[in-house]
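Undergrad: just a sequence and a predicted model for now, questions to come.
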Amino acid sequence: MEDYDPKDVEPKWRERWLEERKYKFEGGEDRPAFVIDTPPPYPTGELHMGHVLNWTYMDVVARYKRMCGYDVFFPQGWDCHGLPTEVKVEEIHGITKRDVPRQKFRKLCEELTLENIRKMREQLIQLGCSIDWWTDCINYENEELKELGSYVTMDPDYIRRSQYGFLELLEKGYAYREEHPVNWCPRCETAIAFAEVEYVTRETYLNYIEFPVADGDGSVTIATTRPELLPACVAVAVHPDDDRYSDLIGKRLVVPLHERFGDRDIPWEVPVIADEEVDPEFGTGIVMICTFGDKQDVAWVKRHDLPIVRSIDEQGKMTEVAGEFAGMEVEDARAAIVEALKEEGYLIKREKITQNVGVCWRCKTPIEILVKEQWFVKVRELAEDVKEAARKMDWIPEHMRKRLEDWTESMDWDWCISRQRIFATPIPVWYCKECGEVIPAEKDQLPVDPTRDDPPVNECPKCGCSEFEPETDVMDTWMDSSITPLVITGWPDEEPNLPVDLRPQGHDIIRTWLYYTTVRALVHADSEPFKEILINGMVFGEDGYKMSKSRGNVVEPTEVIEEYGADALRYWAVSSGAPGSDVQYMTKTIKRGYRFAKKIWNVCRLAKDHIDDAPSVNDVEENLTPADRWILSKFHRLIDEVTRYLESGYRFNDAIKAIEEFAWEELADDYLEMAKLRLYRPEELGEGSREAARAVLRHVLEGLLRLLAPFMPFVTEELYHRLFNESVHDQEWPKASEKWIEEGVEEVGEILREIVTEVRKAKTDAGLRMGAEFEGLTVHVQDEELAESLEKAIPDLKSATRAEEVEVEVGEPELEMVPVKVEPRMDVIGPRYKELTRDIIEYVENNPEEVASAIKEDGKVELKINGKGVMLDEECVDVEWELKVKGGEGKAVEIRPGVVVEILGLST
């Protein structure tokens, strides 16, 4: 066999697996199904390391389950719609969504999405993911999309299913339209859900502003980070138990700068109210309520029935109510209003503080809270049902369930599902132009685009009007992706088969994808969506920070695969941490994965010529040596260990570590060395011994490649074909046999390993190569039964150590420490004894054992040199001791109590 090169191995198998449709779901009744609700990634055009981590996890599960006898359905969808594509199209073409007709803009988005999906599909194939590219989950109308995955959310049939879900939510009373404060992104010009709001820490100023009391009696100071919201100030609040302001409650304050603001429908004198949610410790302990600065403002407005003033518009600019500041961007208005407050004498002081600011998770623009008429889904009333469903599902790791429960309990508002964009699933309703009645589409006319299609009625059922307005808003993209387990099991054309077996995903979208999917499964199928949830963490760069292009610490998966191969990249993914934990990308781990693949390759290359037509281990049982039985026991224990790791929490990192340690240390470094001479010199060690080694090597390698196959599918496929002329991915998962697991033989094997280790050390000390032959070994053993086992291991020891003779003696040898090197130290003796130095050195060289023994026993030796007293201590002489069997000639090493090995012919 040639040297290992992933460039020669991996492309061949990628192509062959696709040609053979190797991983297609059969859907028969002869095998149980295992269904994975695979994440449909957003088509950015490139995989990142987070994708690699996530897809490697799920692919290991898919491959493992197939080997366990399951008919695995591993679909791949694409979640197409959403803001990032629209933003990218605007950037590429130098336009905004308003600059071209609606359908033209959507077409540009579809073209970019199609191009990006093709790129990402190839990268998933390059990674070795055993995805079923051939089983469709939808009835594709667009043939160009059909080849790309199991479902594509921009295909008309997926849009039909998504719209069907909306209509069902409407029928069941879960979807409703209402004017309500919503999170609004001024950059994307759309409402976003709370789950799409991220929080970042930034520096800002706390501005202390003087508010005059309306009756002319003094003023109070209020601290705020958002002075630009003064035009929307509708009340001031204090804590009811705050004695500093108890006399203010019920009075009115004058909004500063109101003369410079525009007209509004309510007075500029605002009431002072009491509310227990005011924090007396923040600022001055008195707060202004503005519509709307944050969620707390929304709660106060509702609780105290306060009016609403709109001071910021959809583009993030100040409205007419801001007077001379109207039309300014929010940040510019803030600065201008602060300057005006200074000029008018209202600004008392400013303090720098840090605060958490909500931003759009797509474009990172700070959000505003605007009052808009939007579509919502009732999720708050499903909170207990969601938590109950979460408890029915197995979470890996278990503690991640708390994230879903905490998010569910924190929901203050329902899920806002309407978006003011274009590239998304249209909301299938029209409105009566006269009375505003909602006219939903009929299910049998789906998919529809209300901006192009007619409503299902000719006149309004409420008022009889024959004119209708189309809904121009579209659905939140999570409305598409939250039905994936329903869609892949046939809904709505068939009864959905929930729960599906596995949902793999990142912990960052528990509050979005996992939460919304659970809601939809409960509404549409009255079931929890999954049996198991496998969570992966985030990927950090080698600098310890989360990978991001802005930090410059991003590593492209395709570059790693090009240099080291996909197996090495997958090795990093499974070995870097436990499921759920954040992991760090490390080049050294990639390199170790490459070296591990190369090690397995070299082991198989050595074994290939010896294991063809090798007998079964059962047929050579009487010829098995202790080393054979040891490696068989360790291997079958490994099977049991790796299976437990995968069955109890998908502990990939523990599994690959156990496989690697066995393959690298026990099999390659130790057993192969014990078997080499038996394989190559049957005339010396016996044909029976050779056949036993061949049988064991075949048995262990055949099973080891199967154990490793889910983790490193390319190198194992190549080697299995070369050694056994079959696909490793068609084989059954190995089963541990109690017959071969024996603690006693493992103890003997460990003794053999320790003897070999000591011989290797002695050869290194003697400056010899590891394959050098030497005189021999004598193993002294107290226990007769152990001695008998070690007698049987003589061929193993000869092979591993290259000792010409190996003997095993029963009994406890008498050991002694013998000086093998005694050297006087000129640098100590010279300055101390000057003219006596030469004579002292001569004496030490002529009487080394006497000098060494005296120093060892008494710590010194006293001499008469030329009539003068001389005392030599440990500083004067370097002594090297060696353990020996009394009367013996070689170096002795106590391996463990009761086992001593004497190495002959290598003593230094």
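TA: That came in fine, so what should we check first? Predicted, not measured: the structure shown is a model, and the values here were computed from it.

Undergrad: for residue 830, give me its contacts.
TA: residue 837 (Cβ atoms under 8 Å, 6 or more residues apart in numbering). C-betas here are computed from N, CA, C, even on glycine.

Undergrad: which SSE is it in?
TA: Taking DSSP states H and E as the criterion, residue 830 maps to helix 826-833.

Undergrad: which other helices and strands contact whichever helix or strand comes after that helix?
TA: As assigned by DSSP H and E, the chain's next helix or strand after helix 826-833 is helix 837-846. On a contact count with 3 or more Cβ pairs under 8 Å, 6 or more residues apart in numbering; DSSP states H and E, helix 837-846 meets strand 815-824, helix 826-833, strand 860-865, strand 868-873.

Undergrad: buried set for helix 837-846?
TA: Using 16 or more other Cβ atoms under 10 Å as the test for burial, helix 837-846 gives 837, 840, 841, 843, 844.

Undergrad: and the helix holding residue 830, how far from the chain's centre?
TA: Here helix 826-833 is found 64 Å from its chain centre; the criterion is Cα atoms, centre = their mean, to the nearest Å.

Undergrad: ditto for stretch 778-789
TA: Distance of stretch 778-789 from the chain centroid (Cα atoms, centre = their mean) equals 50 Å.

Undergrad: check stretch 99-112 too.
TA: How far stretch 99-112 lies from its chain's middle: 35 Å, per Cα atoms, centre = their mean.

Undergrad: if you count neighbours, what's buried in that stretch?
TA: 100, 105, 106, 108, 109, 110, 112.

Undergrad: how are the helices of the stretch 451-600 of the chain distributed by residue range?
TA: 477-481, 484-487, 515-525, 557-564, 566-575, 587-611 (DSSP state H, counting those that start in this stretch).

Undergrad: give me the contact list for the shortest one.
TA: Put plainly, it is helix 484-487. Residues outside helix 484-487 that contact it (Cβ under 8 Å, 6+ apart) are 37-38, 40, 77, 137-138, 151, 158, 161, 165, 492, 496, 498-500, 503, 517, 520-521, 524-525, 529-530.

Undergrad: and the longest one, by the same measure?
TA: Residues outside helix 587-611 that contact it (Cβ under 8 Å, 6+ apart): 1, 3-4, 6, 542, 560, 564-565, 567-572, 575-576, 660, 663-664, 667-668, 672, 679, 693-694, 697-698, 701, 704-705, 708, 712, 715-716, 719, 722-723.

Undergrad: hey, which helix or strand in this structure has the poorest pLDDT?
TA: Every helix and strand of the chain was ranked by mean pLDDT, DSSP states H and E. The lowest is strand 190-192, at a mean of 81.

Undergrad: quick one: list the elements packing against the helix or strand just after it.
TA: Per DSSP H and E, the first helix or strand lying C-terminal to strand 190-192 is strand 197-212. Applying 3+ Cβ pairs under 8 Å, 6+ apart, one finds that strand 197-212 contacts strand 219-224, strand 252-254, helix 330-344, strand 347-360.

Undergrad: now with 7 Å?
TA: Contacts defined by 3 or more Cβ pairs under 7 Å, 6 or more residues apart in numbering; DSSP states H and E place strand 197-212 against strand 219-224, strand 252-254, strand 347-360.

Undergrad: mean pLDDT and distance to residue 328 added to the ones you listed, as JSON lines?
TA: JSON lines is the format used below for the helices and strands packed on strand 197-212 (pLDDT from 0 to 100; distance: least, Cβ to Cβ, whole Å):
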{"stretch": "strand 219-224", "mean pLDDT": "94", "distance to residue 328": "18"}
{"stretch": "strand 252-254", "mean pLDDT": "95", "distance to residue 328": "23"}
{"stretch": "strand 347-360", "mean pLDDT": "90", "distance to residue 328": "18"}
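
Undergrad: tell me which of those strands sits nearest to residue 745.
TA: Residue 745 lies closest, by Cβ to Cβ, to one member of the helices and strands packed on strand 197-212: strand 347-360, at 61.6 Å.

Undergrad: next, the buried residues of the closest one.
TA: Judged by neighbour count using 16+ other Cβ under 10 Å, the buried positions of strand 347-360 are 347, 350, 357, 358, 359, 360.

Undergrad: residue 836: what's it in contact with?
TA: 865, 866, 868, 870 (Cβ atoms under 7 Å, 6 or more residues apart in numbering).

Undergrad: closest one of those residues to residue 385?
TA: Of these, the one sitting nearest to residue 385 (Cβ to Cβ) turns out to be residue 870, at 93.8 Å.

Undergrad: that closest one is in contact with residue 840, isn't it?
TA: Yes. With contact defined as Cβ atoms under 7 Å, residue 870 reaches residue 840; the gap is 6.1 Å.

Undergrad: now do the shared contacts for those two.
TA: Residues touching both residue 870 and residue 840 (Cβ under 7 Å, 6+ apart): residue 833.

Undergrad: returning to that earlier point: CSV for the buried residues of stretch 99-112, including secondary structure and distance to residue 427?
TA: Converted to CSV, the buried residues of stretch 99-112 look like this (DSSP: H, G, I helix; E, B strand; the rest coil; distance: Cβ to Cβ, whole Å):
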residue, secondary structure, distance to residue 427
100, coil, 22
105, helix, 17
106, helix, 15
108, helix, 21
109, helix, 17
110, helix, 19
112, helix, 23
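
Undergrad: if we can go back for a sec, partner strands of the least confident helix or strand of the chain, parallel or antiparallel?
TA: strand 175-185 (antiparallel) (DSSP bridges).

Undergrad: re earlier: in the helix holding residue 830, which residues are buried?
TA: By neighbour count on 16+ other Cβ under 10 Å, the buried set for helix 826-833 is 828, 829, 830, 832, 833.

Undergrad: if we can go back for a sec, dump the helices and strands packed on strand 197-212 into TSV; add distance to residue 392 as well.
TA: TSV is the format used below for the helices and strands packed on strand 197-212 (distance: least, Cβ to Cβ, whole Å):
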stretch	distance to residue 392
strand 219-224	46
strand 252-254	53
strand 347-360	32
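
Undergrad: out of those, which is closest to residue 263?
TA: strand 252-254 (16.3 Å).

Undergrad: closest to residue 457 among the buried residues of stretch 99-112?
TA: Nearest to residue 457 among the buried residues of stretch 99-112, with distances taken as Cβ to Cβ, is residue 106, at 26.2 Å.

Undergrad: average pLDDT across stretch 801-818?
TA: What stretch 801-818 shows for mean pLDDT is 90.

Undergrad: please compute how far it lies from its chain's middle.
TA: Offset of stretch 801-818 from its chain centre (Cα atoms, centre = their mean): 52 Å.

Undergrad: same check on stretch 800-815?
TA: Centre-to-centre, stretch 800-815 and its host chain are 51 Å apart (Cα atoms, centre = their mean).

Undergrad: kindly report the same for stretch 447-455.
TA: Stretch 447-455 has its C-alpha centroid displaced from the chain centroid by 42 Å (Cα atoms, centre = their mean).

Undergrad: which residues touch it?
TA: 102, 156, 159-160, 163, 426, 428-430, 439, 441, 468, 470-472.

Undergrad: contacting residues around stretch 862-875?
TA: With contact meaning Cβ under 7 Å, 6+ apart, stretch 862-875 is reached by 828, 833, 836, 839, 840, 843, 851, 855, 859, 860, 861.

Undergrad: run through the bridge partners of the last one.
TA: This means residue 861. residue 872.

Undergrad: just checking, it touches residue 849?
TA: No. Using Cβ under 7 Å, residue 861 is not in contact with residue 849, being 11.4 Å away.
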